[in-house]
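> Make a model of this:
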Amino acid sequence: MVLGALVSAGLPWADLVNGLNRLKLSGYKLRKREVHRGALHAVKVDVLIQRGFQRPLTLSRIRNIITRSTLPDLVKARSLSVFDRLADAEGLAHQVPAKDVHFHEVGIIDSFVDVVGGVLGCYLLNVTRVTSSAINVGAGSIHTSHGRLPVPGPAVTALSKGIPVYSEGPRHELATPTGVALMRTLASEFGPLPIMRSLAVGHGAGDRDPADWPNVLRVFLQDDSIPDLHHTERIMQIETNLDDLNPQIYEYVMERLFDLGAVDVALTPVIMKKSRPGVVLTCLTPKEQTNAVLEILFQETPTLGVRLQEVTRQVLPRRIVPVAIQGGTVRIKIAELGAGWDKAAPEYLDCQSLARRSGRPLKTIMEEALRTYRQTTQKQRRGRA
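As a prediction, the model looks like this:
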């Protein structure tokens with residue numbers, strides 16, 4: 001499915017076939033065809049096995065085959081990483097050391113093509129970063145050489161540790177150990193589809209074609225060379241309604257949340273049930289600080305429950321420029337707007353400290369800092385011209 005999606009998105013078929021030939025494996029042929037999966041057009045890549053290896057392969061032999069190939073070093077390294085993950089997972093599933101895991105004589109050819117082909121395909125498309133949605137592992141049960149097993153099987157379960165997975169759709173296995181190991185190696189991040197300027201979309205078909213379920217892998221390609229004015233990130237928005245908190249405590253709670261690294265904390269007056277006036281406390285925080293924020297809210301406020309929502313935030317690129325004015329230095333926060341335009345604001349705490357030391361009006365200091373920055377910027381632009 002990975003190969004089909006990459007080919008569908010623009011990976012030249014001849015480049016893929018010729019690249020895999022550098023693995024120096026025989027006994028198989030590649031075939032691609034256009035198929036339908038539900039209402040979607042997709043590319044199906046088949047690995048036609050003519051003969052397998054004479055005996056199962058150990059991890060050391062697989063590593064030797066990849067290392068001795070003429071593939072690019074980056075493709076070798078990532079392919080080896082995938083097989084290392086696979087061996088670790090299979091070892092955990094069968095309670096044997098990874099070095100003693102044996103890969104099936106015929107199935108390993110499939111795995112070689114899937115793993116090396118997926119890594120090679122991304123390399124040939126000059127992919128520099130991969131993100132993935134949560135992985136649908138499927139449902140039901142599967143027949144294996146070890147008997148009937150629940151979906152996901154033991155190897156997929158081991159490989160899924162630490163990444164988001166879910167179960168939806170027909171009662172089939174929808175994620176194999178090879179596929180999950182490949183995605184864990186290629187993807188730097190798992191989550192919802194990020195905001196992007198898509199250049200191409202590819203659909204790779206799986207073997208099964210269940211009713212009312214398009215069994216495809218979808219790939220979006222975007223060009224990172226196109227400058228992105230806005231930085232997009234995922235962040236947690238945590239809210240709670242308060243109507244019985246001593247107003248003097250709000251400042252303390254906000255300070256503790258900011259000390260944790262909260263991006264923003266806001267208090268919004270509202271009218272609550274029974275016409276009681278209240279306050280909505282909203283905190284934006286990095287996801288890794290979610291539990292710490294919850295602990296503060298439950299400890300320091302009377303709330304019995306909070307609302308959590310992961311949201312997308314777009315922010316302008318920012319930088320800090322120090323400027324020297326009468327009495328000291330003030331940092332200027334600069335947000336780039338593009339086309340040579342920017343937003344500039346003096347750091348309030350710097351201006352406040354300078355005002356207290358000098359006795360000059362705070363407003364005057366802020367205006368002088370901003371004016372000095374603008375004058376310095378204009379001189380630099382005239383110098384470059």
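> who's the most centrally placed residue in the chain bridged to?
Centroid-nearest residue in the chain: E189, 2.3 Å away (criterion: CA atoms, centre = their mean). For E189, the beta-bridge partners are T131 (DSSP bridges).
> likewise A345?
Assigned bridge partners for A345, using DSSP bridges, are K333.
> Now do the helices in the stretch 251-385 of the chain.
Assigned by DSSP state H, counting those that start in this stretch, the helices in the stretch 251-385 of the chain fall at 290-300, 348-358, 362-384.
> Relative to K32, which of the ones you listed is closest?
For K32, the closest of the helices of the stretch 251-385 of the chain is helix 290-300, at 44.4 Å, according to CB to CB. C-beta here means a position set from N, CA and C on the backbone, and glycine is covered the same way.
> okay but the residue nearest to the centre of the chain is in contact with S132, surely?
Yes. E189 is within contact range of S132, at 7.5 Å (criterion: CB atoms under 8 Å).
> re the thing from before, mind putting the helices of the stretch 251-385 of the chain into CSV with mean neighbour count and mean pLDDT?
Below are those laid out as CSV (neighbours: other CB atoms under 10 Å; pLDDT from 0 to 100):
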stretch, mean neighbour count, mean pLDDT
helix 290-300, 15, 95
helix 348-358, 15, 92
helix 362-384, 14, 86
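> Could I get these in a markdown table, plus columns for distance to R218?
Converted to a markdown table, the helices of the stretch 251-385 of the chain look like this (distance: least, CB to CB, whole Å):
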| stretch | distance to R218 |
| --- | --- |
| helix 290-300 | 29 |
| helix 348-358 | 47 |
| helix 362-384 | 45 |
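> which stretch among those helices comes nearest S167?
Judging those by CB to CB, what sits closest to S167 is helix 290-300, at 24.1 Å.
> which intervals of the protein have sub-threshold pLDDT?
105-106, 146, 225-231, 338-340, 381, 383-385 (pLDDT under 70).
> one more time with 80
By pLDDT under 80, the weakly predicted segments of the chain are 52-55, 93-94, 104-107, 144-147, 194-197, 224-232, 317-318, 336-341, 379-385.
> domains of it?
2-222, 231-315, 318-384 (automatic domain parsing).
> Tell me which of those is the most buried.
domain 2-222 (a mean of 17; mean count of other CB atoms under 10 Å).
> just how off-centre is the helix or strand containing I238 within its chain?
Here I238 sits within strand 231-242, counting by DSSP states H and E. With CA atoms, centre = their mean, to the nearest Å as the basis, strand 231-242 stands 18 Å off its chain's centre.
> Next: stretch 256-263.
For stretch 256-263 - counting by CA atoms, centre = their mean - the centre lies 24 Å from the chain centre.
> Straight-line length of that stretch, end to end?
Counting by CA to CA, to the nearest Å, you get 12 Å between the two ends of stretch 256-263.
> hmm, back to that, from I163, how far out is the residue nearest to the centre of the chain?
10 Å (CB to CB, to the nearest Å).
> where exactly do the strands run in the stretch 201-350 of the chain?
216-222, 231-242, 264-271, 277-285, 307-315, 318-325, 328-338, 341-346 (DSSP state E, counting those that start in this stretch).
> need those in TSV with distance to F53, can you?
Output for the strands of the stretch 201-350 of the chain, formatted as TSV (distance: least, CB to CB, whole Å):
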stretch	distance to F53
strand 216-222	28
strand 231-242	44
strand 264-271	59
strand 277-285	52
strand 307-315	46
strand 318-325	56
strand 328-338	56
strand 341-346	62
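> mind checking which of these is nearest M1?
strand 216-222 (4.0 Å).
> Direction included, what does the closest one pair against?
Checking strand 216-222 against DSSP bridges gives partners strand 198-205 (antiparallel).
> Can you give the contact residues for the strand it pairs with?
1-10, 35, 37, 40-45, 215-223 (CB atoms under 8 Å, 6 or more residues apart in numbering).
> just stretch 302-316 next, same as before
Contacts for stretch 302-316 (CB under 8 Å, 6+ apart): 192, 195, 229-242, 244-245, 263, 284, 287, 290, 294, 297-298, 335-337, 343.
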